[in-house]
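Visitor: Sequence and computational prediction follow.
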2 protein chains.
Amino acid sequence: MNLPDLRVDGRRLLARIDALARIGAIDGGGSCRLALTDDDGRGRDQVVAWMREQGLVVSVDAIGNLFGVRGGTDDLPPVMTGSHIDTVRTGGRYDGILGVLAGLEVMQVLDDAGVRTRRPLVVGVFTNEEGARFAPDMLGSLVYVGGMPLAQALDARAIDGPRLGDELQRIGYAGAAPVGALRPAAFVELHIEQGPVLDLDGVTIGAVEDLQGISWQELTITGQSNHAGTTPMRMRHDAGYAACAVATFVRRMAREMGAGQVATVGNIQLHPNLINVIAARATLTVDLRNTDETLLKRAEAWLAEFLATLARDEGVEIGSRVLARFEPVVFDAAVVRRIETVAGRLDLRHRRMTSGAGHDAQMLARICPAAMIFVPSVKGISHNPAEHTQPDDLCAGANVLLQTLVELANDKEV
Amino acid sequence: MNLPDLRVDGRRLLARIDALARIGAIDGGGSCRLALTDDDGRGRDQVVAWMREQGLVVSVDAIGNLFGVRGGTDDLPPVMTGSHIDTVRTGGRYDGILGVLAGLEVMQVLDDAGVRTRRPLVVGVFTNEEGARFAPDMLGSLVYVGGMPLAQALDARAIDGPRLGDELQRIGYAGAAPVGALRPAAFVELHIEQGPVLDLDGVTIGAVEDLQGISWQELTITGQSNHAGTTPMRMRHDAGYAACAVATFVRRMAREMGAGQVATVGNIQLHPNLINVIAARATLTVDLRNTDETLLKRAEAWLAEFLATLARDEGVEIGSRVLARFEPVVFDAAVVRRIETVAGRLDLRHRRMTSGAGHDAQMLARICPAAMIFVPSVKGISHNPAEHTQPDDLCAGANVLLQTLVELANDKEV
């Protein structure tokens, strides 16, 4: 069989997606495998078992990133694909998982066809991509490319308390391999879009050319707890009100800025959190994203101004801590073009697009040519058990990945 | 000694306040004795021990209200005082406690002076006044006056899950006495103001002539969880944003209404409550109070209109559940005048005032002439470990209580 005619086995891919979704399954068909929990550990065990079945050389590095390597004919740097298998608390079954399992499927197709590529192929599974249990998100790939010292990452604290390094040990994924030892020649990640663009446009393949910058802050507001009935409105120092004023401000700001600016307050904790007590303390998170670094900085500056005014008007203290800050990323033009070419050859509708979410590929882009392949998310729903991508679209994305990886792995001059 | 010359023993009163504050003590000098927890049980045990030491006849009714009765010379209905000893989670040491322990101190002074009153005197300790663990607040006194069926109250659920009736059994305060068996001839409650009025005006005694109406609702908002990076602002159904919009709306409404309208969102829970996930669900509480029932109803109506608009604009569902609703209360004019007269005779600066908080006295006012005595809260701080009242003011309040109770108890025609 000619290389351009190779296709993935959709049923095999879907069966593995189903099997992984059953680990940490939640109502509605989704999964909860928060990073480095027992369920994440069981998910990793399953992926390792599949890698071993396929005869891949498995290694785990010191930050828990997991790699399956399929050798090449030449002594050249490998081409890497992959993603993550950790989820948010109300996760779907495709976010991250598709990129890992499609990578394994690509290798299986090559094995079945007896194809050897010039360069080795690697499937990477990166630690704590979601950031739902440890900050920052994309931690494993960030450490992998040298963007954060290993020791600092191991000291990260989970939202439920434990230290990241201890959790890695506990679930058996504190590996021996040095972090970043495999230097890929190129990196391509297949992922669901997690947004509505492809689904609305009826397009199957997104060739992702850039990615939003991300600014995550945690705000701590200190007011004065007091009786909800007897304290006149003008004498209040209400940390709960201030937290809510931040959330309504960033919503208004994002609507006014337009141009793809998004802003979310997803997490709020009040103390003492009682019906008849003005809150003494509030913590909340603010997630700001924009593809334009100048606009993202402007949003951060406007928020800072608002916080200063709010603190003065309400008589509260507001502390801010950066949880994550990544500039927008531009992917490698040649890899993006190659994805488009492959999609065209496979007769798939495709378009260039921006990623609204952060992905491991943005970290890998720091050390090698990288880009991403997106497939549609029905109604744009993600981080939700209802997250869905049509089976045909999953296979189409996997086929684009297959052809792109084979071309890159056989190209001496990636 | 003449009756008008009797005075409380301030050191004895303060020592008991200190002793009770040590049960469920929290940092900063306050207490946490949420209703019907182990610590509330230990607090009750201490009060019962003091009642028995003083030779009072102790009874506990089926909703856990606790009474200490000192007999009179005549066969007449008793005069009752009292309050509560449960606290909010970040409670102070005086809220409620002062009214109970000053009542016991009054009886001790009469014992020491060998005084018998015509009518019996009763100190009542009412269950779950704060409403911080079970809704509604003032539950024990509400059931006492027939405002809620006993069975319904016993089925109330704690914020941490258990059924009220089961918690009463567990801590040993599911009493045998029928609820409401003691029908008082009059009720007078001594309490800290929990607001800033007396402290700001340099006035020692507040003769409380009326009390704000209270409207408590729990709102449940259902939106759609989705990815914080990839979901355009216009496509969001963000339950967290909607919750915060409610909090900022009620703040603005209360400021615009003025005239003593207060509004508080003290409790918010988001789900899944993660930094990068648009909240699927939010619950929050809204506490509205006004002395004018017409204005309170107007505030409720405006909130309902806002919720309808918000639900439509954001594409979320908003459900509302009434947790408590009490109309404003006007206390008995004769009892209020008597408190003023006594305060004047004791050379204490005094003024008539409104209570911003709900109190057991408002329930007792449904079945007998009732009123309240307030003493200053330094800076108006309450529901906070920093809650403070000067020792001289505590004693002044207890002396006004002493004289008022003695007069009422010796008056055949209360």
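Guide: The structure has been received and is ready for your questions. Numbers count the residues shown, from 1 in each chain, chains lettered A, B, ... in the order given.

Visitor: contacts and neighbour counts: CA atoms only from here.
Guide: Will do.

Visitor: Make sure A:T37 is actually in contact with A:Q169.
Guide: No. At 11.2 Å, A:T37 does not count as touching A:Q169 under the criterion of Cα atoms under 8 Å.

Visitor: ok, those two, which is more surrounded?
Guide: More crowded of A:T37 and A:Q169, by other Cα atoms under 10 Å in any protein chain shown: A:T37, with 18 against 14.

Visitor: number of nearby residues for the closest residue to chain B within the stretch 51-200 of chain A?
Guide: Here the stretch 51-200 of chain A gets closest to chain B at one residue, A:G195, 4.8 Å apart by Cα to the nearest Cα. A:G195: 26 surrounding residues under other Cα under 10 Å.

Visitor: and what of A:V58?
Guide: Neighbourhood size, A:V58 [other Cα under 10 Å]: 17.

Visitor: tell me the domain boundaries of chain A?
Guide: What automatic domain parsing lists as the domains of chain A is A:3-211+A:328-410, A:213-326.

Visitor: For A:V145, give me its contacts.
Guide: Residues in contact with A:V145 (Cα atoms under 8 Å, 6 or more residues apart in numbering or on different chains) are A:G180, A:M363, A:L364, A:R366, A:I367.

Visitor: and the residue nearest the centre of chain A, what is it in contact with?
Guide: Residue closest to the mean C-alpha point of chain A, counted by Cα atoms, centre = their mean, is A:H359 at 4.1 Å. A:H359 makes contacts with A:S83, A:E129, A:M138, as judged by Cα under 8 Å, 6+ apart.

Visitor: How about residues contacting the lowest-mean-pLDDT helix or strand in chain A?
Guide: Taking mean pLDDT, DSSP states H and E as the measure, chain A has strand A:226-227 as its least confident helix or strand, at a mean of 88. Residues outside strand A:226-227 that contact it (Cα under 8 Å, 6+ apart) are A:N276, A:V277, A:I278, A:A279, A:A280, B:Q194, B:G195, B:A357, B:I381, B:S382, B:H383, B:N384.

Visitor: one more time with 10 Å
Guide: Applying Cα atoms under 10 Å, 6 or more residues apart in numbering or on different chains, the set of residues contacting strand A:226-227 from outside is A:236-238, A:275-280, B:90-91, B:194-195, B:264, B:356-357, B:380-387.

Visitor: Can you get me a residue count around A:D393?
Guide: For A:D393, the neighbour count with other Cα under 10 Å is 19.

Visitor: That one and A:H350 touch, don't they?
Guide: No. Contact criterion Cα atoms under 10 Å: A:D393 and A:H350 do not qualify, at 11.6 Å.

Visitor: For the helix or strand harbouring A:D39, name the packing helices and strands.
Guide: Taking DSSP states H and E as the criterion, A:D39 maps to helix A:38-53. Taking 3 or more Cα pairs under 10 Å, 6 or more residues apart in numbering or on different chains; DSSP states H and E as contact, the helices and strands that helix A:38-53 lies on are helix A:10-21, strand A:57-60, strand A:66-70, helix A:97-112, strand A:121-125, helix A:164-171.

Visitor: that older thread, so what's the residue of the stretch 51-200 of chain A closest to chain B up against?
Guide: Contacts for A:G195 (Cα under 10 Å, 6+ apart) come out as A:355-357, A:375-382, B:226-232.

Visitor: tell me which parts of the stretch 1-150 of chain A are close to chain B?
Guide: Proximity of the stretch 1-150 of chain A to chain B (Cα under 10 Å from any Cα of the partner chain) is limited to residues A:V88, A:R89, A:T90, A:G91, A:E130, A:G131, A:A132, A:R133, A:A135, A:D137.

Visitor: Next one, pLDDT for the residue of the stretch 301-414 of chain A found nearest chain B please.
Guide: Proximity of the stretch 301-414 of chain A to chain B (Cα to the nearest Cα) peaks at A:G356, 4.2 Å away. Per-residue pLDDT puts A:G356 at 85.

Visitor: Just give the number of residues close to it.
Guide: Neighbours of A:G356 (other Cα under 10 Å): 27.

Visitor: One more: A:I17?
Guide: Neighbours of A:I17 under the rule other Cα under 10 Å: 18.

Visitor: if I read this right, it contacts A:Y94, doesn't it?
Guide: Yes. Proximity of A:I17 to A:Y94 meets the contact threshold set by Cα under 10 Å, at 7.4 Å.

Visitor: shared neighbours of these two, anything?
Guide: With Cα under 10 Å, 6+ apart as the test, A:I17 and A:Y94 both reach A:V100, A:L101.

Visitor: Which PyMOL command selects the buried ones in the contacts of A:V145?
Guide: This is the PyMOL syntax for the buried subset of the contacts of A:V145, where burial follows 16 or more other Cα atoms under 10 Å in any protein chain shown:
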select buried, chain A and resi 180+363+364+367
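
Visitor: got a list of what A:L310 touches?
Guide: Counting by Cα under 10 Å, 6+ apart, A:L310 touches A:A242, A:A243, A:A245, A:V246, A:A304, A:V316, A:E317, A:I318.

Visitor: Following the chain onward from the biggest helix by length in chain A, which element is next?
Guide: Secondary structure of chain A per DSSP state H: the longest helix is helix A:293-314. Moving toward the C-terminus from helix A:293-314, the first helix or strand encountered (DSSP H and E) is strand A:317-326.

Visitor: about what we covered before: need the residues of the stretch 1-150 of chain A next to chain B in JSON lines with secondary structure, neighbour count and pLDDT, can you?
Guide: Below are the residues of the stretch 1-150 of chain A next to chain B laid out as JSON lines (DSSP: H, G, I helix; E, B strand; the rest coil; neighbours: other Cα atoms under 10 Å in any protein chain shown; pLDDT from 0 to 100):
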{"residue": "A:V88", "secondary structure": "coil", "neighbour count": "25", "pLDDT": "94"}
{"residue": "A:R89", "secondary structure": "coil", "neighbour count": "25", "pLDDT": "92"}
{"residue": "A:T90", "secondary structure": "coil", "neighbour count": "27", "pLDDT": "91"}
{"residue": "A:G91", "secondary structure": "strand", "neighbour count": "29", "pLDDT": "95"}
{"residue": "A:E130", "secondary structure": "coil", "neighbour count": "29", "pLDDT": "95"}
{"residue": "A:G131", "secondary structure": "coil", "neighbour count": "24", "pLDDT": "93"}
{"residue": "A:A132", "secondary structure": "coil", "neighbour count": "23", "pLDDT": "91"}
{"residue": "A:R133", "secondary structure": "coil", "neighbour count": "28", "pLDDT": "95"}
{"residue": "A:A135", "secondary structure": "coil", "neighbour count": "21", "pLDDT": "91"}
{"residue": "A:D137", "secondary structure": "coil", "neighbour count": "23", "pLDDT": "91"}
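
Visitor: average pLDDT for the longest helix of chain A?
Guide: Helix A:293-314 carries an average pLDDT of 98.

Visitor: Contact partners for A:T117?
Guide: Under the criterion of Cα under 10 Å, 6+ apart, the neighbours of A:T117 are A:70-74, A:78-79, A:110, A:405-411.

Visitor: Setting the sequence-adjacent residues aside, check what's closest to it.
Guide: Nearest residue to A:T117 in three dimensions, chain neighbours excluded: A:G72, at 5.2 Å (Cα to Cα, 6 or more residues apart in numbering or on different chains).

Visitor: which residues touch the one you found?
Guide: Counting by Cα under 10 Å, 6+ apart, A:G72 has contacts A:P78, A:V79, A:V115, A:R116, A:T117, A:R118, A:R119, A:P120, A:L121, A:A409, A:N410.

Visitor: if we can go back for a sec, which one of the contacts of A:L310 is nearest A:L219?
Guide: Using Cα to Cα, A:I318 comes nearest to A:L219 of these, at 6.6 Å.

Visitor: Now for that closest one, how many residues are close by?
Guide: Neighbours of A:I318 under the rule other Cα under 10 Å: 21.

Visitor: Test my guess that it contacts A:H237.
Guide: No. Contact criterion Cα under 10 Å: A:I318 and A:H237 do not qualify, at 11.7 Å.

Visitor: No further queries at this time; thank you.
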